[in-house]
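Asks: With the sequence up front, the predicted model follows.
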Amino acid sequence: MLKRIVLVLVVIVSGLLTGYYSEPVYDLMWSGRERIPSGLAGAEDQKDGADSADESASKYVSAEEAVSAVKNVPWVNNLIRVSELDGTTLTFEIDREPSDDYPVWLIEVTERYPDRVPETKYFQVEAESGKALDIQEKDMKISGIGLDMTRNQAKEAGGTPRKTQRKWDNFVQQTLRTDSYDGMEVIFDKNGVVVKVAASDRGCPGPGGVEVGDSREDVIRKLGKAGAVQTNLWTYNLVDKKEYKLLLDINSEGRVMAVTISSGLLD
């Protein structure tokens, strides 16, 4: 009997040291509990973690695809063609990789000239779709009404305003006209050209489809991060027309309260 007890103790100690138990001993030690094969404890959790990481990585386009998207942006594409003629060297580098909080590739494009100081510009690519988040002049519209349109063109795009008024503006020293629509105002300069459009209600989509009520996360997915952020105001500039601006008023809860496009006259 004593020998049998000693033998069982030896088997248990050996099992503790090697991680292996015979089936009877295993059942004795883990009776009433689900049996986990030796050497696989935690393996399922590890596998799930690996699968989750792979899934997270696979939902984003690669760095090479992101750079390729930037190279297809009209302004950059033209820069590439010109660089072949004037000796400019272009480099494309990843400045920031995407994450769940910021699902955007940030690409740094640097121009190095033979006799000038290098210039660097940044472009963003939506990480899941691979779309370059490039706001162009043609995109500077709210509900179809864009900067530099005439009043007739604005009325064709947005319909007849419910109210209109003319008022002298001391800042710009000219009389401005304001056409009011539901949830939106359109301002014209003295020549009858649109210089500003401001939306303060839902249903008036702006560049990239951004509109009042969108969350910060919605904005980042549609437009990327703003070039400048001051408290509650996010500002986006065009690469090739700096005076054109998209401004988003975002409240403390992270929701868009107003969407404005401006040609710079009233800034």
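Replies: Sure thing, it's come through.
Asks: Tell me where the model's unsure across this protein.
Replies: 1-57 (pLDDT under 70).
Asks: again, only using 80
Replies: By pLDDT under 80, the low-scoring segments of the chain are 1-58, 87, 114-115, 240, 265-267.
Asks: Run through the strands of it in chain order.
Replies: 89-96, 104-112, 119-126, 141-142, 145-146, 163-169, 174-181, 184-188, 194-199, 228-230, 233-237, 245-250, 256-262 (DSSP state E).
Asks: any chance of those in JSON lines, plus distance to residue 220?
Replies: (C-beta placed from N, C-alpha, C; glycine too.) Below are the strands of the chain laid out as JSON lines (distance: least, C-beta to C-beta, whole Å):
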{"stretch": "strand 89-96", "distance to residue 220": "12"}
{"stretch": "strand 104-112", "distance to residue 220": "6"}
{"stretch": "strand 119-126", "distance to residue 220": "9"}
{"stretch": "strand 141-142", "distance to residue 220": "19"}
{"stretch": "strand 145-146", "distance to residue 220": "24"}
{"stretch": "strand 163-169", "distance to residue 220": "34"}
{"stretch": "strand 174-181", "distance to residue 220": "28"}
{"stretch": "strand 184-188", "distance to residue 220": "24"}
{"stretch": "strand 194-199", "distance to residue 220": "19"}
{"stretch": "strand 228-230", "distance to residue 220": "12"}
{"stretch": "strand 233-237", "distance to residue 220": "10"}
{"stretch": "strand 245-250", "distance to residue 220": "11"}
{"stretch": "strand 256-262", "distance to residue 220": "12"}
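Asks: Next, format the ones you listed as JSON lines and append distance to residue 77 and mean neighbour count.
Replies: Below are the strands of the chain laid out as JSON lines (distance: least, C-beta to C-beta, whole Å; neighbours: other C-beta atoms under 10 Å):
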{"stretch": "strand 89-96", "distance to residue 77": "11", "mean neighbour count": "13"}
{"stretch": "strand 104-112", "distance to residue 77": "11", "mean neighbour count": "20"}
{"stretch": "strand 119-126", "distance to residue 77": "12", "mean neighbour count": "19"}
{"stretch": "strand 141-142", "distance to residue 77": "23", "mean neighbour count": "24"}
{"stretch": "strand 145-146", "distance to residue 77": "23", "mean neighbour count": "22"}
{"stretch": "strand 163-169", "distance to residue 77": "39", "mean neighbour count": "11"}
{"stretch": "strand 174-181", "distance to residue 77": "36", "mean neighbour count": "16"}
{"stretch": "strand 184-188", "distance to residue 77": "32", "mean neighbour count": "21"}
{"stretch": "strand 194-199", "distance to residue 77": "28", "mean neighbour count": "24"}
{"stretch": "strand 228-230", "distance to residue 77": "26", "mean neighbour count": "10"}
{"stretch": "strand 233-237", "distance to residue 77": "19", "mean neighbour count": "18"}
{"stretch": "strand 245-250", "distance to residue 77": "22", "mean neighbour count": "21"}
{"stretch": "strand 256-262", "distance to residue 77": "24", "mean neighbour count": "21"}
